[in-house]
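J.: what would the 3D arrangement of this be:
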Amino acid sequence: MTKNSPASISAPVSTSTPAPVSVLGLGMMGSALAAALLGAGHRTNVWNRTAAKAEPLVARGAVAAGSAADAVAASPLVIVCLTTYDDVAKVLHPLGDALDGRTVVNLTNGTPDQAREFAARARAAGAAYIDGGIMAVPQMIATPGAYVFYSGDEEAYEAHRSTLAAFGGTRWTGGDPGLAALWDLSLLTGMYGMVMGAVQAFALAGSAGVPARDLAPLLADWTVAMTRGLVPGAAEAIDAGQHRTDVSSLAVNQAAFPNLLATYEAAGVGTELFAPLRTLLDRAVEEGHGADGLSRLVELVRRG
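T.: Presented below is the predicted three-dimensional model:
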């Protein structure tokens, strides 16, 4: 396994006595994480700035902590799931040495650089730090479809992997604390690209009175088919640096793309989501890559 490639999803590791865990942050995701830990038999200490959010979990057996410091003191493993890293800073940084000897697993969505900064702060406070990227919505937690990317302190990860398995599959990405966020944001980038495409497709079809429910099954099938066909081949081309294609060249796409933008404009549909792609296609052809496939665009985007 290279440092930039996550291992396959690890199976849960058995443990005879579930370890105590503390969960800081009881929004939709934090509550789902705490519920999963309770379901796995862990003594689960919970804290939230709005104390009332702990009540449903307390009814299921969780222990409500009076403060974040109390929650940290109650368990060797501290799961943090707040809205932003700024929120995490406001909660954890005042605790200082109270984190000494604890393992902090931060499942808050953030950037690779934020993860690295927090790892350094945690180490300075005497804590082991693991960053995580959750690849699931709250309703998926503790189901076979959920998994979480982890990076940072590998020794701490291995020590607590059986506990973390309560959330779903576990994928270790490497000792660089920023790698989990990098993998997370890379997959979210692909997701948002599909969201943009779906938004535009529904808007265009709807401009002619086509019900969204009629387009939906065709759009879903088409998107899946194109993703399965495009992504593996593009990955091979990118890693090999060989982008020539006899399928659909950049020059062909450049010639066809104005038809999309013209149709959007004629239908009264905004072009702001797709106009940048025309600019990128024009640039690729101008730079002499017209015979290459769409995978060539990755190199252009990397250069900025």
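
J.: low-confidence stretches in the chain?
T.: Applying pLDDT under 70 to the chain flags residues 1-5, 7-16, 304.

J.: swap the cut-off to 50 and go again
T.: Where the chain drops to pLDDT under 50, the residues are 1-3, 11-15.

J.: top strand in it by residue count?
T.: Criterion DSSP state E: the longest strand present in the chain is strand 128-135.

J.: spit out the contact partners of the closest residue to Gly126 other than its chain neighbours.
T.: Spatial nearest neighbour of Gly126, chain neighbours left out: Asp100 (3.4 Å); criterion: C-beta to C-beta, 6 or more residues apart in numbering. To be clear about C-beta, it is placed using only N, CA and C from the backbone, and glycine gets the same treatment. Counting by C-beta atoms under 8 Å, 6 or more residues apart in numbering, Asp100 makes contact with 125-127.

J.: so how far is the longest strand of the chain from its chain's centroid?
T.: With C-alpha atoms, centre = their mean, to the nearest Å as the basis, strand 128-135 stands 10 Å off its chain's centre.

J.: same deal with stretch 18-30?
T.: Centre-to-centre, stretch 18-30 and its host chain are 19 Å apart (C-alpha atoms, centre = their mean).

J.: restrict it to CA atoms and write it as CSV.
T.: Below are the C-alpha coordinates for stretch 18-30, written out as CSV (Å, rounded to 0.1, in the frame of the first residue of the first chain):
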residue,chain,number,x,y,z
PRO,A,18,-16.2,-2.3,24.1
ALA,A,19,-14.1,0.7,25.1
PRO,A,20,-15.7,4.0,26.4
VAL,A,21,-15.9,6.8,23.8
SER,A,22,-16.8,10.5,24.0
VAL,A,23,-18.6,12.3,21.1
LEU,A,24,-18.3,16.1,20.9
GLY,A,25,-21.0,17.5,18.5
LEU,A,26,-24.5,16.2,18.2
GLY,A,27,-25.7,17.5,14.9
MET,A,28,-27.3,15.0,12.5
MET,A,29,-24.0,13.3,11.8
GLY,A,30,-22.6,13.4,15.3
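
J.: lovely, talk soon.
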